[in-house]
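Visitor: Kindly generate the corresponding structure for this input.
(2 chains)
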Amino acid sequence: MNSQLKYTEEELVSGLKAKDKNAFSYLYDNYSSVLFGTVSRIVADKEIANDILQEAFVRIWQNLDKYDSTKGRLFTWMLNVTRNHAIDVVRSKGYRQQKMILGDDKIVYSSAEDNSGPGKIDNANLAKEIRSLDENQQRVLHLAYFMGYTQEEISKELNIPLGTVKSRVRSAILELRKKINITEWM
Amino acid sequence: MDVKEVISSGIAELYVLGMASEAEKQLVEKLAAEHPEMQKELEEIRASLDAYGSSFSQTPDPALKAKIEEQFQAYQIAAEQTVPVEKKEEAVVYRMSSLAKYTVAASIMLLAGSLTLNYIFYNKYNKTSNELASAKAQVEEQLAINDEMKQDMQIISSKYSQAVSLGGTERFPEAAAKVYWLKNTGEVYIDPSSLPQAPSGKQYQLWALIDGKPFDAGVIEKGDKKLHIQKMKSFGRVNAFAITLEKEGGSPTPDLEQMYVIGNL
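Guide: This is a model prediction of the structure:
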């Protein structure tokens, strides 16, 4: 990673739009670990996960014109592009067939396996904190955030009433906010 | 509903997660435009979810960056080839015969058509080669699985192989496992696919019981390769096999409370 060169989000976006190689390199170095972590939460197979990340970066690169900075941060937008692509793959027929051969992979409540990548925050402490969330809250966050489930799908998957989904999502995120405040002081 | 009510209802969270209904979405956007309080709430939810996502960071394949950069370069070359050259200087007008005009018009159309086709074919080629690569990867994966299964079959069907069914104990009646013991070499293989998933921090451990004493036969690998049978420690003579759930990495002596399955030879 070239740490000498720092971009603001605005510079990064205009650099990427101008197809500047250094801007892409910076983007990749700073965000690939987070995005790959996201893909890996959705797809267990490392090789497929790498393929998905590659395609996600292509989409980010090609659709940058559609990114609207007034609607949110670049990071959030990239995360959405990546996550949506991963979910599309997981829900595709080919993937499901393959998964049936390989057996079901269960959601594992382990967190970041490696924190060596340059993340936005020091996530070793936060990962530990998140692992200490109660299991129901972890499940609901996983399904809503990584798997892109709707309220109805979560209600079915976790066998809880629709109204409970809303309150559980809220309590999970409140807990998350508390934990983040804690780790910021650590 | 006022801002406070909306905030405490959980709608803001659903909105950020993209799970809100159309009506809820409009409500949140309206309130956010009018109340900084709502905006701040959304910001904080967004930041906490960003942090949540970041906390699962993992490093991708180190070769991936170069691969993507190569792909971009190919796209760019394709794009540059189709960009029309801008005219800057005032062109001198020559008179042409009408035949020449048609010829020129036709060649321009052919050229434009050919460039468009170039672009389309290039994109198709890229897409196809990507698809081919992923199909290849899938085939290789299947071949590897086949190989593993072949090896498993050789062990199971060996004439020296003695299969031992391990049945669930009173506490875990649903559990089961199978051991293959090769009489000629003493090798021990385990098929753990009917054991429940080991919880995190725990691992199954196989024990060989010889004259009433348990001997460590190795811990059973965790993970998704459950179809695969696994080689354990070898024993020349065994009376029974049993499996207990132990802390990760195994224990020197079995925790009999956590015995899942047992089976005599």
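
Visitor: what ranges do the helices span in the stretch 1-150 of chain B?
Guide: B:3-9, B:11-17, B:22-34, B:36-54, B:64-82, B:98-157 (DSSP state H, counting those that start in this stretch).

Visitor: okay if I get those helices as CSV plus distance to residue B:239, mean pLDDT and mean neighbour count?
Guide: All C-beta spots, glycine's among them, are computed from the backbone N, C-alpha and C. Below are these laid out as CSV (distance: least, C-beta to C-beta, whole Å; pLDDT from 0 to 100; neighbours: other C-beta atoms under 10 Å in any protein chain shown):
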stretch, distance to residue B:239, mean pLDDT, mean neighbour count
helix B:3-9, 64, 88, 15
helix B:11-17, 57, 91, 24
helix B:22-34, 66, 92, 14
helix B:36-54, 52, 89, 19
helix B:64-82, 52, 81, 14
helix B:98-157, 21, 83, 12
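
Visitor: Adding distance to chain A, write these out as CSV.
Guide: Formatted as CSV, the helices of the stretch 1-150 of chain B follow (distance: least, C-beta to the nearest C-beta, whole Å):
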stretch, distance to chain A
helix B:3-9, 7
helix B:11-17, 5
helix B:22-34, 10
helix B:36-54, 5
helix B:64-82, 5
helix B:98-157, 6
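
Visitor: do you know which of those lies nearest residue A:172?
Guide: helix B:11-17 (8.4 Å; C-beta to C-beta).

Visitor: got a list of contacts for the closest one?
Guide: A:144-145, A:151, A:166, A:169-170, A:173, B:6, B:20, B:24-25, B:27-28, B:38, B:41-42, B:45-46, B:49 (C-beta atoms under 8 Å, 6 or more residues apart in numbering or on different chains).

Visitor: To residue B:202, which of the helices of the stretch 1-150 of chain B lies closest?
Guide: Across these, closest to residue B:202 is helix B:98-157 (C-beta to C-beta), at 25.0 Å.

Visitor: element containing the closest residue to residue B:134 other than its chain neighbours?
Guide: Nearest-residue entry for residue B:134: residue A:51, 5.8 Å, with adjacent residues in sequence omitted and distances by C-beta to C-beta, 6 or more residues apart in numbering or on different chains. If you go by DSSP states H and E, residue A:51 is part of helix A:46-62.

Visitor: next helix or strand past that helix?
Guide: helix A:74-91.

Visitor: Just want the angle from that next one to helix B:36-54.
Guide: 60 degrees (axes from the mean of the first three to the mean of the last three C-alpha atoms, to 10 degrees).

Visitor: Correct me if wrong: residue A:15 contacts residue A:9.
Guide: No. Applying C-beta atoms under 8 Å as the test, residue A:15 and residue A:9 come out as separate, 10.6 Å apart.

Visitor: And the two? Which one has more around it.
Guide: residue A:15 (17 against 11; other C-beta atoms under 10 Å in any protein chain shown).

Visitor: check which helix or strand covers the more buried one.
Guide: With DSSP H and E as the test, residue A:15 turns up in helix A:9-17.
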